[in-house]
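Undergrad: predicted model, plus sequence, below.
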Amino acid sequence: MNPSETNQQCPNRTKFRTFAFYSLSILVLFLAISFSFTKTNYYKVQYLKYTLTTTSSPTLLFRAIGSLFSSPKSILMSSHCVLWMAPFLSGGGYGSEAWSYILALHQHHVKIPSFRLAIEHHGDLESLEFWEGLPRDAKKLAYELFQTQCRMGETVVVCHSEPGAWNPPLFETLPCPPTVYQNFKYVIGRTMFETDRVNPDHVKRCNRMDYVWVPTDFHVSTFVESGVDPSKVVKIVQPIDVKFFDPLKYEPLVVASIAKLVLGSQNIGRKSAFVFLSVFKWEYRKGWDILLESYLREFSKVDGVALYLLTNPYHTDRDFGNKILDFVESSDIEEPDNGWAPIYVIDTHIAQSDLPRLYSAADAFVLPSRGEGWGRPFVEAMSMSLPVIATNWSGPTEYLTDDNSYPLPVDRMSEVLEGPFKGHLWAEPSIHKLRVLMRHVMENPNEAKAKGRKAREDMIRRFSPEIVAEIVREHIQNIIRK
Ligand SMILES: *[C@@H]1O[C@H](CO)[C@@H](O)[C@H](O)[C@H]1NC(C)=O
């Protein structure tokens, strides 16, 4: 989700040497991966892929030629195509968002096929681990959709990535759209951002698109205020799999068995602790400093609370225990007479299939982020009927209400101090109010549970896959009809 991370992470990935099309070779890669080739063979495949890219015909041409010879059955289908291009094989924020749309459309659109669906990997490097970890159904669907044959003039392309990846891309990736914009029926950019504005280059790239889809009203205003043509900006919310994230389906994960105690001591001989859970990448934007300070100043050992952090590195090492101790030592937070309230870190990989069980083990979810695009963990927690404390700014304002959560007030706006978006503004959530809210949630469990139930109702009503699939289908149908 964070554009600045693109292209810099996983060591296990390849660099594309060319901007030519390579769908055919991607298929070869898929096959290679699914037959569990060894590492050596993996590099051979890369070589093969490189060779194919430089010699094979362009994907869409390949697809177009294919469609001339396709079986009579497909004539019954619509000739229109939606080619969804996203980091499907990367496992980042945009990738998982794209999967959620594709699965929603596939499951809920088949009865009314006003267009056919095709996918293409674009926008970030592939991760072998991610592909291997995908459920069998998703892999099967990926094969199927990679083979959909489309004609350029009848294709609506969705470029689902950060604008820097759009044609012409600022880094090595298959460009989106794959040739000039005018070759396609329409080209849509799907993107978002976590600060108060969009930089001028991204604005230019957005205005080259026929439409720009953003997930929230927050983005509609920040994009328009930054100079994106208002007639192009369309809000399309993000789906959440409410059947998968269903609290009735799971037994809580035994978190004590996978979490490391990094501060304080275990609550022994007490009734079980009130568990606050937070899920985030270890970066300043996520406000982990605000969370730790609020929690440690508000609670002590005798309060019977515990804070569990599921985190992973973001351009850092994995030694979160020491980062937390360093933070506490360099702050002026004093250890309470009764001892620290405990903090646990979960830094092992939690399989997607275990994620609902982790939420199930918590009493409340808390993350005082400075800025979010959409905020997947909030929505997942809400779908799991957890009371959520989240900063009342940026993307999450799309779904946080006083009835379904605890929106955390903002003290002031502050400047982004590092990275390519230096000078943009984001929010500084209130430490004082976060302390009050955490205490309040813990002391009013019935109210908190009622908010959690309302949260799930709202997620089902607004963001369940069939609802969002219908929103997408309607927009695309209107575009095709034009
Ligand atoms: C959250 O922000 C909205 C404006 O975006 C405001 O109307 C609302 O009162 C705020 N809620 C809280 C609890 O601060």
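TA: That came in fine, so what should we check first?
Undergrad: which stretches of the stretch 51-200 of the chain aren't confidently modelled?
TA: Per-residue confidence of the stretch 51-200 of the chain (counting by pLDDT under 70) places the weak regions at 51-77, 109-112.
Undergrad: in it, what residue is nearest the ligand?
TA: Using C-beta to the nearest ligand atom, the point where the stretch 51-200 of the chain gets nearest to the ligand is residue 196, with a distance of 12.8 Å. No exception for glycine: its C-beta is placed from N, CA and C like everyone else's.
Undergrad: and the residue nearest to that residue when sequence neighbours are not counted, how many neighbours?
TA: Once flanking residues are discounted, residue 196 sits nearest to residue 425: 4.3 Å by C-beta to C-beta, 6 or more residues apart in numbering. Residue 425 has 16 neighbours, counted by other C-beta atoms under 10 Å.
Undergrad: cool, and the one 4 residues further on?
TA: Using other C-beta under 10 Å, residue 429 has 24 other residues around it.
Undergrad: now it. Its backbone dihedrals?
TA: Note on residue 429: backbone dihedrals following degrees, to the nearest 10 are phi -70, psi 150.
Undergrad: who's in contact with it?
TA: The contact partners of residue 429, by C-beta atoms under 8 Å, 6 or more residues apart in numbering, come to 287, 290, 368-370, 391, 393, 408-411.
Undergrad: distance of it from residue 464?
TA: Taking C-beta to C-beta, to the nearest Å as the criterion, residue 429 is separated from residue 464 by 29 Å.
Undergrad: domain parsing of the chain, as residue ranges.
TA: Structural domains of the chain, as assigned by automatic domain parsing, span the residue ranges 3-239+465-481, 247-463.
Undergrad: ok so, going back, which of the contacts of residue 429 are buried? Put it as a ChimeraX command.
TA: Selecting in ChimeraX just the buried members of these, where the criterion is 16 or more other C-beta atoms under 10 Å, is done with this command:
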select :287,290,368,369,370,391,393,408,410
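Undergrad: from the contacts of residue 429, which land in helices?
TA: Within the contacts of residue 429, residues falling in helices by DSSP state H are residue 290.
Undergrad: so can I have CSV of the contacts of residue 429 showing distance to the ligand?
TA: Converted to CSV, the contacts of residue 429 look like this (distance: C-beta to the nearest ligand atom, whole Å):
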residue, distance to the ligand
287, 16
290, 16
368, 13
369, 14
370, 15
391, 9
393, 7
408, 8
409, 4
410, 8
411, 12
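Undergrad: which one among the contacts of residue 429 gets closest to residue 88?
TA: Sorting the contacts of residue 429 by distance to residue 88 puts residue 369 at the head of the list, at 25.7 Å, by C-beta to C-beta.
Undergrad: pretty sure the closest one sits against residue 388.
TA: No. Under the criterion of C-beta atoms under 8 Å, residue 369 lies out of contact with residue 388, with a separation of 11.6 Å.
Undergrad: look up phi and psi at residue 416.
TA: Per degrees, to the nearest 10, the backbone of residue 416 is at phi -70, psi 120.
Undergrad: list the contacts for it?
TA: 195, 422-426.
Undergrad: quick one: which of these has the most company?
TA: Neighbour counts for the contacts of residue 416, by other C-beta under 10 Å, peak at residue 426, which reaches 22 neighbours.
Undergrad: picking up where we left off before, how close does the residue nearest to residue 196 get to the ligand?
TA: Plainly put, residue 425 is 15 Å away from the ligand if you go by C-beta to the nearest ligand atom, to the nearest Å.
Undergrad: which strand residues sit across from that residue in the sheet?
TA: Judged by DSSP bridges, the bridge partners of residue 425 are residue 415.
Undergrad: got a pLDDT number for it?
TA: Note on residue 425: pLDDT of 98.
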